[in-house]
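Student: For reference, the sequence and a predicted model appear below.
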Amino acid sequence: MVVLQSLRQAPGILRENPVILAPFALLAVLQTPQLFFDSLDPIVSAVVSVLFAGVLLFVTPAIYAAVIGMTNEAASGERTSIGRFRRHARENYVSVLIAYLFITGVTLAVVIAVVLAVVVGAVAFGVAGGGTPLLVAGVGALALVGLAFLIALFAVHFYAHAIVIEGEGAVSGLVRSVNVVRGNLTAIAGYALVSLVFGGVLGGGYAFVISLVFPTAPAPGEPAPLPDLVPAVLGSGGVVVGTTLFGAFFLAFSVVFYRELVGVGSREATAASGPVDGFGAGSAEISR
């Protein structure tokens, strides 16, 4: 069972190569200051968020590429290290960055287009005098657009895996990801289900901790409430630990899963011909 097999292998990879946790801890720590700035004046919070987003836009691809390379080595039975982190980041950064910027740009464009469509639709709805059929049609159209975009995003989900594991370039990595997803829809459905469950658990836990220890942002003109230092530090530490463990586990799971889909194989070197069943055994090389 490729999904279940990948889930079983991920903890062993991290247990034997705990150094993989370090980059995720670094990324989580880099995002921690935002938790404190979010409780300040909304304008200050917005400016800081934009600055952090700009920094992470260029830092995240390096970490993502390097950790995929380290995890791929670990999945092959090799010992990895921080030195390998630097090598993988250096060799794959440009390709992963270009693909990442492309996806980010398209996402931003779609969001802006949807917002404009909502505004224009609301105006048109008011001018036309409303009506349930018109409202249902508008909401349905937006839902279809959103669903199509989410499917498209998931189709290119493995672009960095293709770049790092198979040596693809930025454009060919995106195309390769689409081909792999299209050729293994049943397996991808299982992967998506696992992603949804784990993402929901992490997101829910994150929201709970933040709402518990950090005050909400003030209204314009009101003094900014300061969080209690001890709970805020403990809460931030919990967020860092949770994000690190989840990120490393899910990345290890995704690397093992991708290796099985493209026929690279697991550390046990098991391989079989034929298409991959989402919860069935086997791995296959996806045609390019």
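Tutor: Thanks, I have it. Numbering: from 1, shown residues only.
Student: shaky segments in the stretch 1-150 of the chain?
Tutor: Filtered on pLDDT under 70, the stretch 1-150 of the chain yields the residue ranges 38-42, 128-131.
Student: What ranges does it have for its strands?
Tutor: Here the stretch 1-150 of the chain has no strands by DSSP state E, counting those that start in this stretch.
Student: Thr71 contacts Phe249, doesn't it?
Tutor: No. The pair Thr71 / Phe249 is not scored as a contact, 10.5 Å apart, by CB atoms under 8 Å. Just so you know, the C-beta spots here come from the backbone N, C-alpha and C atoms, and that holds for glycine as well.
Student: need the helices for the chain, in chain order.
Tutor: With DSSP state H as the criterion, the chain has helices at 2-16, 21-31, 33-37, 42-75, 82-127, 132-155, 159-166, 170-183, 185-213, 229-262.
Student: sorry, back to before: between Thr71 and Phe249, which has more neighbouring residues?
Tutor: More crowded of Thr71 and Phe249, by other CB atoms under 10 Å: Thr71, with 28 against 19.
Student: what sits against the more buried one?
Tutor: Thr71 makes contacts with Ile13, Asn17, Ile20, Thr80, Leu251, Ala252, Val255, as judged by CB atoms under 8 Å, 6 or more residues apart in numbering.
Student: one more time with 6 Å
Tutor: By CB atoms under 6 Å, 6 or more residues apart in numbering, Thr71 lies in contact with Ile20, Leu251, Ala252, Val255.
Student: Just give me the residue closest to the centre of this protein.
Tutor: The centroid of the chain falls nearest to His157 when counting by CA atoms, centre = their mean (8.2 Å).
Student: Could you measure from that one over to Ala192?
Tutor: His157 sits at a distance of 9 Å from Ala192 (criterion: CB to CB, to the nearest Å).
Student: distance of Ala66 from Pro23?
Tutor: In this structure, Ala66 lies at 6 Å from Pro23, with CB to CB as the measure.
Student: Tell me which of these two has more neighbours.
Tutor: Set Ala66 next to Pro23 and count neighbours by other CB under 10 Å: Ala66 wins out with 26 against 22.
Student: In space, what's closest to that one - neighbours in sequence excluded?
Tutor: Nearest residue to Ala66 in three dimensions, chain neighbours excluded: Ala89, at 3.9 Å (CB to CB, 6 or more residues apart in numbering).
Student: ok so, going back, which one of the contacts of Thr71 sits closest to Ala53?
Tutor: Taking CB to CB as the measure, Leu251 is the one of the contacts of Thr71 closest to Ala53, at 21.0 Å.
Student: what's around the closest one, how many residues?
Tutor: By other CB under 10 Å, the residues close to Leu251 number 23.
Student: tell me the contacts of it?
Tutor: Listed by CB under 6 Å, 6+ apart, the contact set of Leu251 reads Val67, Thr71.
Student: From His161, how far off is it?
Tutor: For Leu251, the distance to His161 equals 10 Å [CB to CB].
Student: returning to that earlier point: can you verify my assumption that the residue nearest to Ala66 contacts Ile68?
Tutor: No. Under the criterion of CB atoms under 6 Å, Ala89 makes no contact with Ile68, lying 10.2 Å away.
Student: Please identify which of these two sits among more neighbours.
Tutor: More crowded of Ala89 and Ile68, by other CB under 10 Å: Ile68, with 25 against 20.
Student: Check whether the more buried one really touches Glu166, as I assumed.
Tutor: No. Assessed by CB under 6 Å, Ile68 is found out of contact with Glu166, at 11.0 Å.
Student: Kind regards, and thank you for your time.
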